[in-house]
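Q: Got a sequence here, can you build the structure:
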Amino acid sequence: MPHGVTELYQKVMEAGNIQDVMSVANFLNPVDKDDNGEDEQNVGEDEVLQEVLQEHLGLPTTQSDEEDDDQLPQPMYSMADAKQALHILIGFAESQSLSSDYLRTLEQLESAVEGIQQASLVQGTLDTWIT
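A: Below is the predicted model:
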């Protein structure tokens, strides 16, 4: 732990009159627990290997099944959708007389999206034009 962190942490506790405080070591290196209250550190190497293999092979795991039930599939957006959304946001920022920083940030994002679109274009050869 860097020099002085413990002393600074102690001063913050005293200045804030904080009684119920987690130790710095536990905060920086927490012991994670799974849903069953068991330490993840006690999970066997075979179980970890099995989970990694299932994930990379696309096999369902009990944890991913629970997460999938809670989440709807994310829609796929096109470049045109992204540009339209940015135009709407820029129009909103202009109509609300927001700080020019917000407008500038949105315009920079618009330029970045256009850059992504330009980078994704494929350069053709002259052969396609000649024949």
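Q: now stretch 91-106: how far from the chain's centre is it?
A: Here stretch 91-106 is found 25 Å from its chain centre; the criterion is C-alpha atoms, centre = their mean, to the nearest Å.
Q: what sits up against it?
A: 86, 89, 90 (C-beta atoms under 8 Å, 6 or more residues apart in numbering). Where C-beta positions appear, they are placed from N, C-alpha and C, glycine not excepted.
Q: Next secondary structure element downstream of the top helix by length along the chain?
A: Of all the segments of type helix in the chain, defined by DSSP state H, the longest one is helix 100-120. Next helix or strand after helix 100-120 toward the C-terminus (DSSP states H and E): helix 127-130.
Q: pLDDT averaged over that next one - what is it?
A: For helix 127-130, the mean pLDDT works out to 73.
Q: Keeping just the C-alphas, turn that helix into PDB.
A: Extracted in PDB, the C-alpha atoms of helix 127-130 (Å, rounded to 0.1, in the frame of the first residue of the first chain):
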ATOM      1  CA  ASP A 127     -11.000  -3.000 -62.500                       C
ATOM      2  CA  THR A 128     -14.600  -2.700 -61.400                       C
ATOM      3  CA  TRP A 129     -15.000   0.500 -63.400                       C
ATOM      4  CA  ILE A 130     -13.300  -0.700 -66.500                       C
END
